[in-house]
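> sequence first, then the predicted structure:
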Amino acid sequence: MTTSTRADFPKLDASPAPRLKAFLRDWDSVEMVASLLIVGLFGLSPLVIKVPYYLNMIILTALFAYFGLAWNIIGGISGQLLIGFASFVGVGGFVTMVLLIRFSVSPWIGLPISAASSCLLGAFVAFLTLRYGLKVDYLALFSLALMMILKIIAQELDITGRASGMFLSFQKDSLINMTFVGKVPYLYIATGMLLLGVVIQYVTCRSKTGRYLVAIREDEDAAAALGVDTARYKTIALLLGSAMGGLGGGFYAIFSTYLDPALIFGLAFNVSLLIAPIIGGKGTLIGPILGAILNKPLSEWIGGTVSAQRPGVTLVVYGVILMVFILFLPNGIAGLLRVPHERLRVRLRSTERLRNN
Amino acid sequence: MSLLKIEKISKYFGGLAAVKELDLVVDEGEILGMIGPNGAGKTTAFNVISGFYKPDSGRVIFADEDITGLRPDQICKKGIARTFQVVKPFAQLRVLDNVIVGALSRTSNVSRARSKAQDVLAFLQMSALEDQLAGSLPIASRKRLGVAKALATEPKVILLDEAMSGLRPTESQEMIELVRRIRERGITVLLVEHVMKVIMSLADRIIVLHHGEKIAEGQPQNIVQDKAVIDAYLGEVKTDA
């Protein structure tokens, strides 16, 4: 059985304008192209921007957009309330740093090992989640507790530098050690990772896996009744998100050149990981990217003005921002953008119907 | 020929037997109605069959295979689909995307699942709603969407949990027609219903539950004359009204 619109599809494909309309109607494609454009701008920015301070900001924006996408797969798309995402980032950071500093293993090898290590931690979390039915608030609390435990472990082990953490010192550029005096190489790596994140999320969302994850988020019982092995797909989301977090954590550590257990496994850093996807729009592709773009200058400003006089106020400001978004804009900036897009969609559809009739 | 057989199923919540030693046979191609007052154990029986509850004792046999204790998704793959009494649309997804999730149980190819979902929606005369967000649908369409999702999994048996409750008379008449057409497709229907009139006109056979036990079984016209049924169910309805 074919509907009239479907029968007319080949005709629509014939000229470019309807193809453009079909593209514009599809939010996923619009989001994907917009995201790629932003990634491209990040990649080209060194042509125009030379000041290290601003380059630094773009690197962090790209990186936190990437972290946002990583968390998004777990918390946004599959809807698992895993708050303590810094665990995966921190473990990834320490693995790459320990390998480089203690064993002289290149980060190019260290980063994939970081991803694998965090993925293993993700598997542990998935096992506990499913074995003991940790859902919603229990998972949130457990993930935060895990972060605290990891902090204490890192502060007690000699190999991770105990409480003082790890420092990476270098004098000259080294591609093998991923250490650079200038910012530009870091920017290319960070942009490359963001591109990877965008592609992973887009491909996931278009596939059966992505559709199943969203179904689980919307209603787990209804999904199970439709043949979705909820345990399996929730695990897949956790493994994927944690591996991505670990990879990013490894790079973040090398880029920062130091790793402090109290910071990386701390609440403030964890909040900075979640703020991009939450204000940008969780569960969307462009949301975490827009969130990071908005958040980075904002946090610089808060850090430079408010926090300079009253240390600790930063967290209060972030707390308020998060609350406002969670209460009034649960779908974030991307959710706002969807409203005009939906109107455009309806218009395109109705003109198409008219033509078909 | 029996397609689905339930043998001495019991399910306790604390000390209370929600379903007690229930026997049930669903024949291939029939519409079997299950009725009973509130708390009779109808939905519990559904949850046991569809794998949401593990029974404390007894077996569920489907197409000569013991499926007791399988997970809901495994049972769905075997060919038993269900709807929920309290509808569970994927609210933030479009109607078509809701149905695609069901169709993906038989294929991993999303575009094949999409055209399958479109077929199912056309069968349910819901093609016009394809593009709407499921959360924005009125209740009658939500109930229909529940049926669409279940049908998209290509079931041999469909369990409909109060598909007519909360509907207006015309809507409920449409749903009755729909159930008939589902059966014409060769799908066996097990129907839980509160509305007596609906089940009388639709079911080939009726099972009456009361306090988790089967108190009567038979043709609709015999059921309405059964003394136990009148006491347990119809009598109660009368005093309510």
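Right, received. Where do you want to start?
> burial check on A:P330, number of neighbours?
12 (other CB atoms under 10 Å in any protein chain shown). C-beta coordinates here come from the backbone N, C-alpha and C atoms, glycine included.
> that's a strand at it, yeah?
No: assessed with DSSP: H, G, I helix; E, B strand; the rest coil, A:P330 is coil; it does not lie in a strand.
> if I look at it, how far off is chain B?
Using CB to the nearest CB, to the nearest Å, we find A:P330 at a distance of 10 Å from chain B.
> where does chain B have low pLDDT?
B:233-241 (pLDDT under 70).
> just the strands in it please.
All strands of chain B, identified by DSSP state E, fall at B:2-13, B:16-27, B:31-35, B:57-62, B:65-66, B:80-82, B:157-161, B:188-192, B:205-210, B:213-218.
> can you list the ones you listed in CSV and add mean neighbour count and distance to A:L60?
Listed next are these as CSV, based on neighbours: other CB atoms under 10 Å in any protein chain shown; distance: least, CB to CB, whole Å:
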stretch, mean neighbour count, distance to A:L60
strand B:2-13, 18, 53
strand B:16-27, 19, 56
strand B:31-35, 25, 61
strand B:57-62, 18, 56
strand B:65-66, 10, 57
strand B:80-82, 28, 49
strand B:157-161, 25, 52
strand B:188-192, 24, 57
strand B:205-210, 23, 63
strand B:213-218, 17, 66
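> among those, which comes closest to A:G197?
strand B:80-82 (36.5 Å; CB to CB).
> that closest one pairs with which strands?
strand B:157-161 (parallel) (DSSP bridges).
> with just CA atoms, put the partner strand into PDB.
Written as PDB, here are the backbone C-alpha positions of strand B:157-161 (Å, rounded to 0.1, in the frame of the first residue of the first chain):
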ATOM      1  CA  VAL B 157      -1.700 -12.800  18.900                       C
ATOM      2  CA  ILE B 158      -2.600  -9.300  20.000                       C
ATOM      3  CA  LEU B 159      -3.500  -8.600  23.600                       C
ATOM      4  CA  LEU B 160      -5.700  -5.500  23.800                       C
ATOM      5  CA  ASP B 161      -6.000  -4.100  27.300                       C
END
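> list of residues touching it?
By CB atoms under 8 Å, 6 or more residues apart in numbering or on different chains, the residues outside strand B:157-161 that reach it are B:3-4, B:26, B:42-43, B:46, B:49-50, B:62, B:79-85, B:147, B:150-151, B:179, B:182, B:187-192.
> who's in contact with residue 113?
No chain was given, so I picked chain A. By CB under 8 Å, 6+ apart, the residues touching A:I113 are A:V95, A:T96, A:L99, A:V105.
> not quite, go with chain B.
A:K208, B:I100, B:A103, B:L104, B:R106, B:T107.
> looking at those, which has the most residues close by?
B:A103 (29 neighbours).
> didn't that residue look like it was pressed against B:K116?
Yes: using CB atoms under 8 Å, B:A103 makes contact with B:K116 at a distance of 4.2 Å.
> what sits in contact with each of those two?
B:A152.
> related to what we said a few turns ago, out of the contacts of A:I113, which sit inside helices?
A:V95, A:T96, A:L99 (DSSP state H).
> list the contacts of the residue of chain B found nearest chain A.
Chain B approaches chain A most closely through B:S105 (3.1 Å), counting by CB to the nearest CB. Going by CB under 8 Å, 6+ apart, B:S105 touches A:L226, A:G227, A:V228, B:D73, B:C76, B:K77, B:A152, B:T153, B:E154.
> ok, and the closest non-adjacent residue to the last one?
Okay, so that is B:E154. For B:E154, ignoring the flanking residues on the chain, the nearest one in space by CB to CB, 6 or more residues apart in numbering or on different chains is B:R106 at 5.4 Å.
> go ahead and confirm the one you found touches B:V120.
No: counting by CB under 8 Å, B:V120 is not a contact partner of B:R106; they are 11.5 Å apart.
> near residue 165, how many other residues are there?
By default, I'm working from chain A. 20.
> wrong one, chain B
16.
> so who does it touch?
B:Q85, B:E193, B:H194, B:V195.
> same check, this time on A:G210
Per CB under 8 Å, 6+ apart, neighbours of A:G210: A:I77, A:T204.
> next, it: phi, psi?
phi -60, psi -40 (degrees, to the nearest 10).
> what's the pLDDT at it?
Among the per-residue scores, A:G210 shows a pLDDT of 97.
> and the residue in chain A positioned nearest to chain B, backbone torsions?
Chain A approaches chain B most closely through A:G227 (3.1 Å), counting by CB to the nearest CB. Main-chain torsions, A:G227, degrees, to the nearest 10: phi 90, psi 10.
> phi and psi next, for the residue nearest to it when sequence neighbours are not counted.
In this structure, A:G227 finds its nearest non-sequential neighbour in B:S105, 3.1 Å apart by CB to CB, 6+ apart. When read as degrees, to the nearest 10, the backbone of B:S105 gives phi -70, psi -20.
> ok, B:S105 to B:D97 distance?
Taking CB to CB, to the nearest Å as the measure, B:S105 falls 15 Å from B:D97.
> show the contacting residues for the spatially closest residue to B:Q219 that is not a sequence neighbour.
By the measure of CB to CB, 6+ apart, the closest residue to B:Q219 outside its immediate chain neighbours is B:R205, 6.5 Å from it. Counting by CB under 8 Å, 6+ apart, B:R205 makes contact with B:E30, B:I31, B:L32, B:G33, B:E217, B:G218, B:Q219, B:P220.
> cool, A:F269 as well?
A:A86, A:V89, A:L263.
> cool, A:I74 as well?
A:Q80, A:L82, A:F85, A:A237, A:L238, A:L240, A:G241, A:S242.
> per-residue confidence for it?
pLDDT, read off for A:I74, is 96.
> same deal with the one 3 residues further on?
At A:I77, the model reports a pLDDT of 96.
> list the contacts for the spatially closest residue to it that is not a sequence neighbour?
Using CB to CB, 6+ apart and skipping the chain neighbours, the partner closest in space to A:I77 is A:L213 (4.8 Å). For A:L213, the residues meeting the contact criterion (CB under 8 Å, 6+ apart) are A:I73, A:I77, A:S78, A:G79, A:T204, A:Y233, A:K234, A:I236, A:A237.
> hmm, the first one is touching A:Y202, no?
No: with contact taken as CB under 8 Å, A:I73 and A:Y202 are classed as non-touching, separated by 11.4 Å.
> the two - which one has more neighbours?
A:I73 (30 against 19).
> skipping adjacent residues, who's closest to the more buried one in space?
Per CB to CB, 6+ apart, closest to A:I73 is A:G241, 4.2 Å.
> how many neighbours does that neighbour have?
30.
> burial check on B:S127, number of neighbours?
The burial count for B:S127: 20, using other CB under 10 Å.
> do the same with the one 3 residues further on
B:E130 has 18 neighbours, counted by other CB under 10 Å.
> contacts only, for it.
B:E130 touches B:R94, B:V95, B:L96, B:Q118, B:L121, counting by CB under 8 Å, 6+ apart.
> so which of these belong to helices?
Reading helices off these with DSSP H, I get B:V95, B:L96, B:Q118, B:L121.
> buried residues, stretch A:211-229. List them.
Within stretch A:211-229, the residues that count as buried by 16 or more other CB atoms under 10 Å in any protein chain shown are A:211-220, A:222-229.
> try stretch A:167-180
A:L168, A:N177, A:M178, A:T179, A:F180.
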